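Engineer: structure of the sequence below:
(2 chains)
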Amino acid sequence: MDRLTPVPPAVEQRAPGRWQIATVNEIRTETPRTKTFRLELPMWMPHVPGQHYDVRLTAPDGYRAQRSYSVASTPLDEGEIELTIDRLDDGEVSTYFHDVVVEGDRVEVRGPFASYFVWRGEAPALLVGGGSGVVPLMAMLRHRRRTMPEARMELVYSVRSADEVIYASELGADAEVTYTREPPPGWDGHVGRIDAELVAGRVEPGTTAFVCGSNGFVESATRLLLAAGIEPGRIRTERFGPTG
Amino acid sequence: MNDFVSRGFSGSRRQPEDLRERLPPGQYSERGFPVLTAGPTPDVPTSEWRLRIDGMVAEECEWSWSELHELEFEEVPCDIHCVTKWSKLGTSFGGVSVDVLLEAAEPVGAYATAYSYGGYTTNLALEDLTDGKAWVVTEHEGEPLAREHGGPARLLVPHLYFWKSAKWVGGLRVMDHDEPGFWEANGYHNRGDPWKEERYWTD
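Structural biologist: Numbering: from 1, shown residues only, chains lettered A, B, ... in the order given. Below is the predicted model:
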């Protein structure tokens, strides 16, 4: 992390945890259900890939709702963060972002938070993501590509079908996708849930694994990683409960 | 505090009045029981499970699964609040009050670290573990506690954020000083009172 841009002199205290009002600079549609929101922060500070921000919405009568979202971007993007948000139909925060927020809007955020499910340069690293669990892993992959391109880090990414692949245009030779339900026409890659074969060639002594997805996904992926010989202490997991 | 209003936000998931006052700030009500664990899920057979109270105590104590079940068993109706924003209102657990366990051990120190099978730890002031505020539970809503939720036994400290309710609990180490546990060393608040919204270090 020694290549992070030094923080310029503070106008206000930059401790994580203070609520600040970010501006939505850009919105990108990733899939029919996910969008990426590029936020400009007045009190930006560098995050560690894997960390999250809290988002708070306030209604005119004072009613508030909060959720946590992983940062998808690298901390080299000074002054900005990207949050990729999955639209959950019964959610009130994700639906607001998807259905209401437009570029130029302002949203209240605070962060970055938590320092366990973070990549601090560990290599070799194996990233295992299910569905939108790929978001914090993408921050790690993007950051490794720009800071330690020679370090071994690979992503195994499980999705149900082609229209669920987030960051499709950025998945290069260091990423392998498997389709559990409906592979795209002509697909000759891996099909079905992540299995020992997908994991085996990517584990060597000292590999650290980061696993993120639904609880069921994390449970089965973790069992595979343990069977492949990764020590329990080198497997970090993040499971999403329902957010919305 | 500021008077920022989110343009076009009305809130589609508001709670009925009677439940609203049971939700701490920033929480929303979730009917399910999400699982949040930092690493692999430990598998602890009840035949091997032990609960210890050690450290600064007059007498170190240890209970096997069957010995724990000889102690007074309580039903604990409660609301639980996870720092990731969900709360589960109106749930219940069953187990043994930490008061009963500590009475046997006679603690000298004022702090404790709860430690778990799998290596997890969390710190609590003894004040937060006594006077009917904490339990070692083996049942959830009348059923054996599922492994993914900390079975065979977890700590239950419902007045604090739920990471304090250590899953797969193996013991309490009584200490004369406070020492951050796993999440407390990784950015989360040392005490974690949901009503004060003590989520992170800087709160």
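Engineer: what helix or strand does B:Arg52 sit in?
Structural biologist: strand B:50-55 (DSSP states H and E).
Engineer: show me which residues of the helix or strand following that strand are buried.
Structural biologist: Next along the chain after strand B:50-55, taking DSSP H and E as the criterion, comes strand B:61-64. Using 16 or more other Cβ atoms under 10 Å in any protein chain shown as the test for burial, strand B:61-64 gives B:61, B:63. Heads up, the C-betas are built off the backbone N, CA and C, glycines and all.
Engineer: next one: stretch B:178-196
Structural biologist: Buried, per 16+ other Cβ under 10 Å, within stretch B:178-196: B:178, B:181-184, B:186-194.
Engineer: on that earlier part again, can I get the strand holding B:Arg52 in CSV, CA atoms only?
Structural biologist: Only the C-alpha atoms of strand B:50-55 are listed here, as CSV (Å, rounded to 0.1, in the frame of the first residue of the first chain):
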residue,chain,number,x,y,z
ARG,B,50,-16.4,-27.8,26.5
LEU,B,51,-17.2,-24.5,28.0
ARG,B,52,-14.5,-23.0,30.2
ILE,B,53,-14.3,-20.0,32.5
ASP,B,54,-10.6,-19.2,33.2
GLY,B,55,-8.2,-16.3,33.7
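Engineer: in a helix, B:Ser10, correct?
Structural biologist: No: using DSSP: H, G, I helix; E, B strand; the rest coil, the assignment for B:Ser10 is coil, not a helix.
Engineer: hmm, who's touching the single longest strand found in chain B?
Structural biologist: Scanning chain B for the longest strand, with DSSP state E as the assignment, gives strand B:86-97. For strand B:86-97, the external contacting residues (Cβ atoms under 8 Å, 6 or more residues apart in numbering or on different chains) are A:241-242, B:19, B:22-24, B:27-34, B:68, B:71-81, B:132, B:134-142, B:145, B:153, B:156, B:194.
Engineer: which members of the buried residues of stretch B:178-196 are positioned in strands?
Structural biologist: Per DSSP E, the buried residues of stretch B:178-196 never map to strands.
Engineer: and of those, the nearest to A:Ala173?
Structural biologist: B:Asn186 (32.5 Å; Cβ to Cβ).
Engineer: now do the contacts for the closest one.
Structural biologist: Taking Cβ under 8 Å, 6+ apart as the test, what B:Asn186 contacts is A:114-116.
Engineer: for ChimeraX, what selects the buried ones among these?
Structural biologist: Listed next is the ChimeraX selection for buried residues among these, using 16+ other Cβ under 10 Å:
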select /A:114,115,116
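Engineer: would you turn the contacts of B:Asn186 into TSV with pLDDT?
Structural biologist: As requested, the contacts of B:Asn186 are exported to TSV (pLDDT from 0 to 100):
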residue	pLDDT
A:Ala114	88
A:Ser115	87
A:Tyr116	91
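Engineer: what about chain B: which of the contacts of B:Asn186 touch it?
Structural biologist: Among the contacts of B:Asn186, the residues that sit close to chain B (Cβ under 8 Å from any Cβ of the partner chain) are A:114-116.
Engineer: mind checking which of the residues you listed are in helices?
Structural biologist: Among the ones next to chain B among the contacts of B:Asn186, no residue falls in helices (DSSP state H).
Engineer: looking at the residues you listed, which are in strands?
Structural biologist: Going by DSSP E, the strands hold none of the ones next to chain B among the contacts of B:Asn186.
Engineer: just to revisit the earlier point, nearest to A:Val100 among the buried residues of stretch B:178-196?
Structural biologist: B:Pro194 (28.1 Å).
Engineer: show the pLDDT at the closest one.
Structural biologist: Model confidence at B:Pro194, expressed as pLDDT, equals 98.
Engineer: kindly report the same for A:Arg18.
Structural biologist: 90.
Engineer: count the residues that sit near it.
Structural biologist: 12 (other Cβ atoms under 10 Å in any protein chain shown).
Engineer: and the one 3 residues further on, by the same measure?
Structural biologist: Taking other Cβ under 10 Å as the criterion, the count of residues near A:Ile21 is 14.
Engineer: distance of it relative to chain B?
Structural biologist: 6 Å (Cβ to the nearest Cβ, to the nearest Å).
Engineer: buried set for the helix or strand that that residue is a member of?
Structural biologist: Taking DSSP H and E as the criterion, A:Ile21 maps to strand A:20-31. Within strand A:20-31, the residues that count as buried by 16+ other Cβ under 10 Å are A:20, A:22, A:24, A:27, A:30-31.
Engineer: which of those residues sits closest to chain B?
Structural biologist: A:Gln20 (9.8 Å; Cβ to the nearest Cβ).
Engineer: what sits closest to the closest one if chain neighbours are left out?
Structural biologist: Nearest non-adjacent residue to A:Gln20, counting by Cβ to Cβ, 6 or more residues apart in numbering or on different chains: A:Met43, 4.7 Å away.
Engineer: quick one: low-confidence parts of chain A?
Structural biologist: A:1-16, A:241-244 (pLDDT under 70).
Engineer: tell me the domain ranges of it?
Structural biologist: Domain ranges of chain A: A:20-113, A:125-240, per automatic domain parsing.
Engineer: as CSV, those with distance to B:Ser97 would be great.
Structural biologist: Output for these, formatted as CSV (distance: least, Cβ to Cβ, whole Å):
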stretch, distance to B:Ser97
domain A:20-113, 33
domain A:125-240, 30
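Engineer: quick check: which of those is nearest to B:Leu101?
Structural biologist: Closest to B:Leu101 of these is domain A:125-240 (Cβ to Cβ; 27.9 Å).
Engineer: that closest one close to chain B?
Structural biologist: Yes: residues of domain A:125-240 are located near chain B by Cβ under 8 Å from any Cβ, namely A:215, A:219, A:222-223, A:226, A:232-233, A:235-237, A:239-240.
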